[in-house]
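**Q** With the sequence up front, the predicted model follows.
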Amino acid sequence: MVSIGNGASAVRMGIMLNNDVSKSRPSDAIDALERQVAQSAADGFSSVWLSHIFGFDALTALAVVGRNVPGIELGTAVVPTYPHHPGVLAQQALTVNAAVGGRFALGIGLSHKIVIEDMYGYSFDRPARHMREYLSVLLPLLRGEPVSFEGETLRANLELSAPPAPDMPVLIAALAPRMLKLAGAMADGTVLWMAGRKAVAEHIAPSITKAAEEAGRPAPRIVCALPVCVTDDAEAASARADQIFEIYGQLPSYRAVLEREGAERPGQVAVVGDEETVARRLDDLAAAGVTDFVASPFGSAESVARTRELLRSI
């Protein structure tokens with residue numbers, strides 16, 4: 001019998017969708033994604049989240065598959081800001097939100113210098129100012145307001161005619177102090193990756209909550225996504241996580257949050273172990289201030305099935 005405390009059961013449970021579609025035919029990949037969403041809704045999960053890296057465009061994919069699956073929140077984790085002008089992203093987000101009946105959560109982030117400069121060819125200069133100015137354009141447009149803005153990193157002078165969505169959650173991938181302050185003061189919260197209990201409890205939750213309070217905003221959502229594997233061999237699962245998620249131990253922003261956790265490798269923040277252990281880890285995250293937990297199941301087919309079953313029970 002799994003012992004589940006009051007913490008994890010009070011947290012909204014979500015699932016990270018698989019956006020690795022490189023070996024699939026286009027129609028098969030979309031159908032597979034829709035099946036993932038439908039199964040997650042049937043299992044009672046509160047939300048599904050899709051990354052926007054080099055697979056499908058997350059916004060387009062969620063609009064297509066979400067329209068056919070009612071009753072579950074659909075979120076991006078996350079869309080990079082630099083390659084998307086905020087006016088363009090607002091238009092896309094409003095379209096997705098209309099397609100899925102107002103169930104869309106827009107997660108955005110700076111991405112990383114290696115991606116923005118080396119791959120896309122944009123400057124990664126002044127990221128915190130860029131995000132502040134980005135939100136200054138994006139948020140009014142989502143509310144249906146015209147924007148005339150000239151900042152140091154971007155300009156905008158436009159108005160959209162798409163149906164406004166003033167209640168659409170906008171979440172920032174925020175780990176550093178300045179970004180957490182922005183997420184609390186201007187947005188609806190943060191969507192995290194590679195942040196464990198200690199980092200959330202001692203750094204993320206206090207910083208973003210204080211910023212929201214000082215700005216007179218509601219309590220922020222803290223959406224915590226982590227790799228999860230229910231298994232009887234926690235050591236092997238942790239080692240496997242180190243291999244799968246190795247890149248996140250090398251990128252500066254994730255390296256910094258791992259250091260706050262006192263972790264040297266991604267496998268040390270992955271939620272691994274048997275049902276009792278994983279349930280206890282989720283309770284700890286809830287107690288730390290997490291409002292939404294998003295599992296990224298990994299491991300063998302048996303482990304993934306055990307992981308989903310535990311999360312369903314919670």
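**A** That came through, no problem.

**Q** Helix or strand next in line after the worst-scoring helix or strand of the chain on mean pLDDT, which one?
**A** Taking mean pLDDT, DSSP states H and E as the measure, helix 6-10 is the helix or strand of the chain with the lowest mean score, a mean of 71. Downstream of helix 6-10, the first helix or strand assigned by DSSP states H and E is strand 12-16.

**Q** show me what contacts the residue lying closest to Gln91 once chain neighbours are set aside?
**A** Excluding the flanking residues, the one nearest Gln91 by CB to CB, 6 or more residues apart in numbering is Leu160, at 5.7 Å. (C-beta placed from N, C-alpha, C; glycine too.) The neighbourhood of Leu160, defined by CB atoms under 8 Å, 6 or more residues apart in numbering, consists of 87, 90-91, 94, 141, 144.

**Q** Most neighbours out of these, which is it?
**A** Each of the contacts of Leu160 was scored for neighbours by other CB atoms under 10 Å, and Ala90 scores highest at 29 neighbours.

**Q** so how far is Ala58 from it?
**A** For Ala90, the distance to Ala58 equals 15 Å [CB to CB, to the nearest Å].

**Q** tell me the average confidence for the helix or strand hosting Asp242?
**A** Secondary structure from DSSP H and E places Asp242 in helix 234-244. What helix 234-244 shows for mean pLDDT is 98.

**Q** what helices or strands is the helix or strand following it leaning on?
**A** Note on helix 234-244: by DSSP H and E, the next helix or strand toward the C-terminus is helix 252-261. Under the contact definition 3 or more CB pairs under 8 Å, 6 or more residues apart in numbering; DSSP states H and E, helix 252-261 sits against helix 197-199.

**Q** list the buried ones in the very next helix or strand once past the helix it packs on?
**A** Next helix or strand after helix 197-199 toward the C-terminus (DSSP H and E): helix 205-214. Neighbour-count burial for helix 205-214, counted by 16 or more other CB atoms under 10 Å, picks out 205, 207-209, 211-212.

**Q** swap in stretch 254-270?
**A** Residues 254, 257-258, 260-261, 263, 265-270 are the ones in stretch 254-270 that count as buried (16+ other CB under 10 Å).

**Q** which residues touch it?
**A** Stretch 254-270 is contacted from outside by 175-176, 192-199, 202-203, 226-229, 237-242, 245-246, 248-249, 298, using CB under 8 Å, 6+ apart.
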